[in-house]
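Student: Provided below for reference: sequence and predicted model.
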Amino acid sequence: MAEHGTASHTGKTVRYIRSGMALDDAARLSAMVEQCTCDWHHDDDGMLVLRARLMPDEGARLVQAIRALEGSDTAVPLAARRASALAMVAEAACAEDGKPSVPEIVVNLRPGNASSEHVDDATAE
């Protein structure tokens, strides 16, 4: 395993063995690690479709985080609240100096190219 597995794979195997799995379960554990996946693609409407298969403890931690953040607004479907909670987990992971990373949209207008609509100074930043 050490010759053919990745450092992550070997580390996970050692961690699970140390955490209480019997040494004779190493083959089963190795097979479980190799079955872990995380894949995604963007649907036709631009939405992200995510599918993951995680080790039991990693999955439990993720579910715990999602449940902690999913909220209780019954006007929003549970699946949608969970999707938002997962996005909050990702935002927290990408935070710099404890501040969430929020993408910015910058629009540059050149004089003469702006539309004739008026933008109230109180709403413009």
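Tutor: Alright, I've got the coordinates. Numbers count the residues shown, from 1 in each chain.
Student: What is the subsequent helix or strand relative to the helix or strand of the chain with the lowest mean pLDDT?
Tutor: Least confident helix or strand, the chain: helix 7-18 with a mean of 67, by mean pLDDT, DSSP states H and E. Using DSSP states H and E, the next helix or strand after helix 7-18 towards the C-terminus is helix 26-34.
Student: avg pLDDT for that following helix?
Tutor: Per-residue pLDDT over helix 26-34 has a mean of 84.
Student: do the same with stretch 111-125
Tutor: Averaged across stretch 111-125, the pLDDT comes to 54.
Student: for stretch 51-63, same thing?
Tutor: For stretch 51-63, the mean confidence score works out to 93.
Student: in that stretch, what counts as buried?
Tutor: Neighbour counts over stretch 51-63 (16 or more other CB atoms under 10 Å) mark residue 55 as buried. The C-beta positions use only the backbone N, C-alpha and C, and glycine is treated the same way.
Student: can you list contacts of it?
Tutor: If you take CB atoms under 8 Å, 6 or more residues apart in numbering as the criterion, stretch 51-63 is touched by 12, 16, 32, 33, 35, 36, 37, 38, 39, 40, 89.
Student: mind saving the C-alpha coords of it as CSV?
Tutor: Extracted in CSV, the C-alpha atoms of stretch 51-63 (Å, rounded to 0.1, in the frame of the first residue of the first chain):
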residue,chain,number,x,y,z
ARG,A,51,-21.9,13.8,-5.7
ALA,A,52,-19.6,12.6,-3.0
ARG,A,53,-18.8,9.3,-1.3
LEU,A,54,-17.0,9.9,2.0
MET,A,55,-15.5,7.8,4.8
PRO,A,56,-18.0,7.4,7.6
ASP,A,57,-16.4,9.9,10.0
GLU,A,58,-15.9,12.5,7.3
GLY,A,59,-19.5,12.1,6.1
ALA,A,60,-20.8,12.3,9.7
ARG,A,61,-18.8,15.6,10.2
LEU,A,62,-20.2,17.1,7.0
VAL,A,63,-23.7,16.1,7.8
